[in-house]
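Student: Just the structure for this:
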Amino acid sequence: METYQNLIFSLCYKMIGNYFTAEDLAQDTFVAAYTHLERFDGQHEKAWLCRIAVNKCLDFLKKESHYTSSDNTELLQTLADTENVETQVLAQEAAQELQRACNGLKEPYRSVAIAHFCEEKSVPEIAQEQKKNSKTVQTQLCRARTKLQKLYGRGRHI
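Tutor: Next comes the predicted model:
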């Protein structure tokens with residue numbers, strides 16, 4: 001705990017944005033790790049603890065209905081910009097979760113959502129690539145966003 005307490009607290013604080021809640025979630029992370037120590041394979045201790053912390057934060061955010069995909073996008077950007085291996089792993093897992101959610105959409109929303117949210121393409125780029133009108137792409141993107149919000153159970157915009 002002494003070795004990783006600052007890392008886990010920082011991760012929770014970045015995701016939650018509330019100092020006291022982040023402290024509680026960091027503590028919950030270590031309690032959960034201790035409780036499930038028999039499941040730990042002994043490798044990648046930091047990554048394992050970070051994964052537990054992320055799950056605790058996501059559970060909290062889902063429960064409190066504060067989680068939004070735009071927050072997720074900001075988190076992904078923050079994590080991707082760091083050189084820390086553990087945070088890069090977390091960013092990759094979050095991106096994979098978003099990719100899976102987009103893959104779960106029906107066409108034409110799937111291709112538009114993947115291009116915009118996962119490949120970070122602009123509406124004009126998607127329109128040109130898919131040989132569609134920009135307004136059509138905007139409409140499909142709006143509908144895809146609404147479907148993803150329902151899938152994630154979130155009330156705020158992606």
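Student: Let me see the ranges of the helices in this protein.
Tutor: For the chain, applying DSSP state H gives helices covering 5-16, 19-35, 45-64, 69-81, 85-103, 109-113, 123-130, 134-152.
Student: Among the ones you listed, show me which one is buried the most.
Tutor: Scoring these by mean neighbour count under mean count of other C-beta atoms under 10 Å gives helix 109-113 as the most buried, with a mean of 22. C-beta: built from backbone N, CA, C; applies to glycine.
Student: what does the average pLDDT come to for it?
Tutor: Helix 109-113 shows a mean pLDDT of 93.
Student: Against residue 47, how distant is residue 126?
Tutor: When C-beta to C-beta, to the nearest Å is applied, the distance between residue 126 and residue 47 equals 34 Å.
Student: is it true that residue 121 touches residue 127?
Tutor: No: using C-beta atoms under 8 Å, residue 121 makes no contact with residue 127, being 9.7 Å away.
Student: hang on, the earlier thing: worst mean pLDDT among the helices of the chain?
Tutor: Among the helices of the chain, helix 69-81 scores lowest, with a mean of 52.
Student: if we can go back for a sec, what touches both of residue 121 and residue 127?
Tutor: Taking C-beta atoms under 8 Å, 6 or more residues apart in numbering as the contact rule, residue 121 and residue 127 have no neighbour in common.
Student: hang on, isn't residue 137 packed against residue 125?
Tutor: No: taking C-beta under 8 Å as the definition, residue 137 is not a contact partner of residue 125, at 9.3 Å.
Student: Now the common contact residues for those two.
Tutor: Contacts common to residue 137 and residue 125, judged by C-beta under 8 Å, 6+ apart, are absent.
Student: For stretch 98-116, report the contacting residues that lie outside it.
Tutor: Residues outside stretch 98-116 that contact it (C-beta under 8 Å, 6+ apart): 69, 72, 76, 117-118, 121-123, 125-126, 129-130, 137, 140-141, 143-145, 147-148, 151-152.
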